[in-house]
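Colleague: turn this into a structure:
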Amino acid sequence: MEIPPKSPDESEKSPQSKELLASITASTLCISSRSESVWTSTSRSKWDIYHKPVIVISVGAAVFLFGIVITSLSCILTTNTKVYKMCGPAFLSLGLMLLVCGLVWIPIIRKKQKQRQKSQFLQSLKSFFFNR
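Modeller: Model prediction:
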């Protein structure tokens, strides 16, 4: 049986390795943070802000139109009408649900953007008055 080599104790570690470990941990925490920093004011494009609701709206519209086609096929074709009558309304309701969710999501994002701008303004005012 082979004994694995021992890792150095805390006392044996060099100061550089301790600093490196602390800096790696700190940078990992900063990267994994989901909140945006008040101090970084990088402007994001409209697509970066609204791409998720736009995708949900477009997928919802496509599914809704597919539901319209399937439902109209149940009226036109005489074969498999039961399948069309069951699937058509399901696609209609799913598409409409996605469409409405995307349309409601946009005003929510706008409200959050306004609140974030107000928060950044208030933070800058606080730092201006209290850091003197």
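Colleague: where in this structure is the helix or strand with the lowest mean pLDDT?
Modeller: One helix or strand of the chain scores below all others by mean pLDDT, DSSP states H and E: helix 15-32, with a mean of 53.
Colleague: show me what secondary structure element comes after that one.
Modeller: Counting by DSSP states H and E, the next helix or strand C-terminal to helix 15-32 is helix 46-76.
Colleague: so for that next one, mean pLDDT?
Modeller: Computed over helix 46-76, the mean pLDDT rounds to 93.
Colleague: return the set of buried residues in it.
Modeller: By 16 or more other CB atoms under 10 Å, the buried positions in helix 46-76 come out as 49-50, 53, 56-57, 60, 63-64, 66-67, 70-71, 73-74. Backbone N, C-alpha and C define where each C-beta goes, glycine included.
Colleague: equivalent analysis for stretch 120-132, please.
Modeller: Neighbour counts over stretch 120-132 (16+ other CB under 10 Å) mark Q120 as buried.
Colleague: dump it to PDB, restricted to CA.
Modeller: This file holds the C-alpha atoms of stretch 120-132, laid out as PDB (Å, rounded to 0.1, in the frame of the first residue of the first chain):
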ATOM      1  CA  GLN A 120     -27.700  54.200  -8.000                       C
ATOM      2  CA  PHE A 121     -28.500  57.900  -7.800                       C
ATOM      3  CA  LEU A 122     -29.300  57.600  -4.000                       C
ATOM      4  CA  GLN A 123     -26.100  55.600  -3.400                       C
ATOM      5  CA  SER A 124     -24.000  58.300  -5.200                       C
ATOM      6  CA  LEU A 125     -25.700  61.000  -3.100                       C
ATOM      7  CA  LYS A 126     -25.000  59.100   0.100                       C
ATOM      8  CA  SER A 127     -21.400  58.600  -0.800                       C
ATOM      9  CA  PHE A 128     -21.100  62.300  -1.700                       C
ATOM     10  CA  PHE A 129     -22.500  63.600   1.600                       C
ATOM     11  CA  PHE A 130     -21.200  61.000   4.100                       C
ATOM     12  CA  ASN A 131     -17.700  60.400   2.700                       C
ATOM     13  CA  ARG A 132     -16.600  64.000   3.300                       C
END
